[in-house]
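Participant: One predicted model, sequence on top.
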Amino acid sequence: MSWEPVIGLEIHVQLKTESKIFSGAATKFGAEPNTQACAVDLALPGVLPVFNETANRMAIKFGLAIGAEIAERSVFARKNYFYPDLPKGYQISQYELPIVEKGLINVAMPDGTTKPIRITRAHLEEDAGKSVHDVFPGQTGVDLNRAGTPLLEVVTEPDFRSAEEASVFLKTLRGLIRYLEISDGNMQEGSMRCDVNVSVRRRGAEKYGTRAEVKNVNSFRFVEKAIEYEIERQILIIEDGGEIAQETRLFDPSRNETRSMRSKEEATDYRYFPCPDLLPVETTKELIEEVKATIPELPWEKQARFEADYGLNTYNASLLAQSKSSAKYFEDVIEISKAPAKLVANWMGDELAAALNKENLSIAECPISAERFAGLIARIADNTISGKIAKTVFEAMWNEANSTADDIIEKQGLKQITDPAQIKAVVEDIITQNPKQVQQYKGGNERLFGFFVGQTMKATQGKANPQQVNAVLKELLG
Ligand code: ADP
Ligand code: MG
């Protein structure tokens, strides 16, 4: 049976302002509980919220970057609900008139295609506090440091058709908000939190199925797992003659499954109404122009430039452009090494990416600076060492702070053998030592060619230039 998943995401992006969205309290991560909550955050009687203009600028910056409409007039509403970490009894959030509507993000997929994702809206709101269950046995504590932290909630249309599309989109979004310097986009620290809406329908059907919403999934991998689990679960229920309940679910990372939390609330449950304590926010054309001037070259603009200038494919270009640091590293290495961009891109995508991944480091924390890496790439490009030997040199550079490729090549005697006479002599030896294989090769067993290459490389400790070895072998074996 052929089913099509339909997925929409709601992402809470914590904005990197110094102070909270409606108070002057600080927003630093990791402070002692309740040391960053002032009278406004505690909802003491008589206090009034004051809107943080920087939060508005950040939202506008995001809106402009995704080609969205910026509202001339946006309005904060009260979303009423009861929870211990919400002392006011309501959350202030833009509801009917959000600051950003109707944007678009084009996502570069690994298979080379581009997937356009429509952004329904992005609205400003305040975060709630946190209930702490693991500090006082038998009791729950409330930490209000996070109460009032500015959030930009980004809502997508249900445009995703696979778990992979959703997770690649999230990485693209994280790249964007980091470029714009409006959030650090750190999912582990909760500065980017994702709700996943999933439904399934029969392929070809027009109407969407009933969706389940999985709350607060906090890593790219969990987003994929939660979606995959939901798709399976829903298909099984429908094929069994059942119906999907519209509900809110939780993802359990230890079991890779989702569990029902509550039936889905409706907007009317929240009794939204415009917050009488805050004036509507007027955003002028001048302000928009001012913010526009602060937007840097965006990831997809860099990506397009990398494709055009360096002949990279879309996905590789998008990976390199995904963070400012990796784009800078890439361009610095090209500039210093004068090597072909594709060689640099391949080495960054393979060897360097694998080493960084293994130690869970970002390119900004890379133990090999762009200068040192360029030194290695330059020696591959000018044929001093082969690609294979370069891997040995790379490993030594990784483990030895400040070592240069030239030092290591010199010290370990790894210089490639390119002297034709020397290579010919080795190949001749190999041929004399292996008369049986020569006979078989000449008799038509062409696969033995690899054997001769291997023997030659072994005899030279991998240092013979592979192209030259091939050529000489072809010549001598006839
Ligand atoms: P709410 O705010 O109550 O969760 P919305 O209607 O604003 O509801 O939708 C929120 C998210 O759910 C959006 O990202 C939207 O794309 C997604 N969504 C809506 N309908 C479906 C559906 N049938 N299947 C999957 N996702 C959906
Ligand atoms: Mg929702």
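Facilitator: Happy to help now that I have it. Numbering: from 1, shown residues only. Ligands and ions are numbered 1, 2, ... in the order given.
Participant: ranges for the strands of the stretch 201-350 of the chain?
Facilitator: Secondary structure of the stretch 201-350 of the chain (DSSP state E, counting those that start in this stretch): strands located at 212-217, 247-252, 257-263, 273-274, 281-282.
Participant: Least confident of these, on average?
Facilitator: Among those, strand 257-263 carries the lowest mean pLDDT, at a mean of 89.
Participant: packing partners for that strand?
Facilitator: strand 212-217, helix 220-239, strand 247-252 (3 or more C-beta pairs under 8 Å, 6 or more residues apart in numbering; DSSP states H and E). The C-beta positions use only the backbone N, C-alpha and C, and glycine is treated the same way.
Participant: Now stretch 427-443: buried residues?
Facilitator: 427, 430-431, 434, 437-438, 441 (16 or more other C-beta atoms under 10 Å).
Participant: Kindly reformat the residues you listed as TSV containing pLDDT and distance to ligand 1.
Facilitator: Formatted as TSV, those follow (pLDDT from 0 to 100; distance: C-beta to the nearest ligand atom, whole Å):
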residue	pLDDT	distance to ligand 1
427	93	64
430	94	64
431	93	67
434	93	65
437	92	63
438	93	66
441	92	61
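Participant: just checking, which of these belong to helices?
Facilitator: 427, 430-431, 437-438, 441 (DSSP state H).
Participant: separation between residue 105 and ligand 1?
Facilitator: Distance of residue 105 to ligand 1, computed by C-beta to the nearest ligand atom, to the nearest Å: 13 Å.
Participant: Equivalent analysis for residue 115, please.
Facilitator: Taken as C-beta to the nearest ligand atom, the span from residue 115 to ligand 1 is 15 Å.
Participant: Is it correct that that residue is in contact with residue 156?
Facilitator: No. With contact defined as C-beta atoms under 8 Å, residue 115 and residue 156 do not form a contacting pair (11.4 Å).
Participant: Between those two, which is the more surrounded one?
Facilitator: Applying other C-beta atoms under 10 Å to residue 115 and residue 156 shows that residue 156 carries more neighbours, namely 23 against 19.
Participant: That one: what's it in contact with?
Facilitator: 8-11, 117-120, 169 (C-beta atoms under 8 Å, 6 or more residues apart in numbering).
Participant: from those, which single one is nearest ligand 1?
Facilitator: residue 8 (2.2 Å; C-beta to the nearest ligand atom).
Participant: coming back round to it: would you list the strands of the stretch 201-350 of the chain in CSV and tack on distance to ligand 1 and mean neighbour count?
Facilitator: Below are the strands of the stretch 201-350 of the chain laid out as CSV (distance: least, C-beta to the nearest ligand atom, whole Å; neighbours: other C-beta atoms under 10 Å):
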stretch, distance to ligand 1, mean neighbour count
strand 212-217, 6, 20
strand 247-252, 9, 18
strand 257-263, 12, 13
strand 273-274, 17, 13
strand 281-282, 21, 14
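Participant: Reformat those as JSON lines; add distance to residue 408.
Facilitator: Below are those laid out as JSON lines (distance: least, C-beta to C-beta, whole Å):
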{"stretch": "strand 212-217", "distance to residue 408": "44"}
{"stretch": "strand 247-252", "distance to residue 408": "46"}
{"stretch": "strand 257-263", "distance to residue 408": "49"}
{"stretch": "strand 273-274", "distance to residue 408": "67"}
{"stretch": "strand 281-282", "distance to residue 408": "59"}
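Participant: closest to residue 388 out of those strands?
Facilitator: Between residue 388 and the strands of the stretch 201-350 of the chain, the tightest spacing by C-beta to C-beta is seen for strand 212-217, at 41.6 Å.
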